[in-house]
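Undergrad: okay, sequence plus prediction incoming.
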Amino acid sequence: MANIEEFEEIIPSDTAAGREVQERIIESLERRDFAMRDVFGVRLALEEALVNAIKHGNRMDPDKTVRVNWQVCETKVRIVIEDQGEGFDVNDVPDPTEDENLEKPGGRGIMLMRSFMNLIEYNDSGNCLTLEKVRESADDSDD
Amino acid sequence: MSGHRRLDIEEVGDVTIARFIDKKILDEGNIQVIGNQLFGLVEDDGRQKIVLDFSNVEYLSSAALGKLITMDKKVKAAKGKLRLCSVRPDIYEVFAITKLNKLFNMFDNQEEALEGF
């Protein structure tokens, strides 16, 4: 990861603050001319991840914060989002695409993150999420 | 609190077309207002045939999908019909990944959605 920029922000448990940091990350990608499709996927994943951290992780507790760290380089972006909640087991989240779950809310955010990002990984306690997106055109630029 | 109007409503015969005004349906407050306005079409106005037009929508979160699922249930409970149209490819992918394209009747544009409705 040559020419890496790294940023970190600690935000309150407030979705408006989540959206501000989301905009900052998107701006970092746009400055590096990431493709529209990449930006779309990262924005969607960030929205889901930040809302999960703020609402489900910290349960909107004003005494708790969310740490957001991101590294951007020419070929990829890596984002770490850590809340101060109890965490959860990602395996306990039901598959929203099973017929019996199709009409139920829940589980779709994680599924969208998995689908639009190259890597999504929770730590063991489930309160820290790492997301990675490899730039769509990155493979072409090497040769 | 009803909030700003988030839907453009148009009547074509006995069909109600509701077009989302927002480009991004992400903000929780917005989603709540949109949900209430959608549900009002069925519960308060008793509309039976509803087309949701997504032509303005560029981003949609899973929370918004949740409202659409609830809307679908309400329409079915009222023995009405719901169709979706003009969903751009990026957004269609969101429906396809979550397999909600199986739950909803989706059409390329308004004309197709109105045909035989």
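TA: Cool, got the structure. Remember, predicted model here, so these are calculated numbers, not experimental data.

Undergrad: give me the below-cutoff pLDDT ranges for chain B.
TA: Within chain B, the stretches with pLDDT under 70 are B:1-3.

Undergrad: so residue B:87 lies in a helix, does it not?
TA: No. Assessed with DSSP: H, G, I helix; E, B strand; the rest coil, residue B:87 is coil; it does not lie in a helix.

Undergrad: tally of neighbours for it?
TA: 22 (other CB atoms under 10 Å in any protein chain shown). Bear in mind the C-beta positions are built from the backbone N, C-alpha and C, glycine included.

Undergrad: go ahead and confirm it touches residue B:95.
TA: Yes. Between residue B:87 and residue B:95 there is a contact at 6.8 Å, judged by CB atoms under 8 Å.

Undergrad: now the common contact residues for those two.
TA: Counting by CB atoms under 8 Å, 6 or more residues apart in numbering or on different chains, the residues touching both residue B:87 and residue B:95 are residue B:106.

Undergrad: how about the residue most central in space within chain B, what does it touch?
TA: With distances taken as CA atoms, centre = their mean, the residue of chain B nearest its centroid is residue B:52 (3.7 Å). Residues counted as contacts of residue B:52 (CB under 8 Å, 6+ apart) are B:18, B:19, B:20, B:38, B:68, B:71, B:82, B:83, B:84, B:85.

Undergrad: the second one belongs to a helix, doesn't it?
TA: No. Residue assignment for residue B:19, taken from three-state DSSP, gives strand, which places it outside any helix.

Undergrad: bridging residues for it?
TA: For residue B:19, the beta-bridge partners under DSSP bridges are residue B:8, residue B:53.

Undergrad: pLDDT weak spots in chain A?
TA: Counting by pLDDT under 70, chain A has low-confidence residues at A:1-2, A:137-143.

Undergrad: can you give me the helices in it?
TA: Defined through DSSP state H, the helices belonging to chain A, from first to last, are A:15-31, A:36-51, A:108-116.

Undergrad: spatially central, which residue of chain A would that be?
TA: residue A:46 (3.8 Å).

Undergrad: state the distance from that residue to residue B:73.
TA: Going from residue A:46 to residue B:73 by CB to CB, to the nearest Å gives 29 Å.
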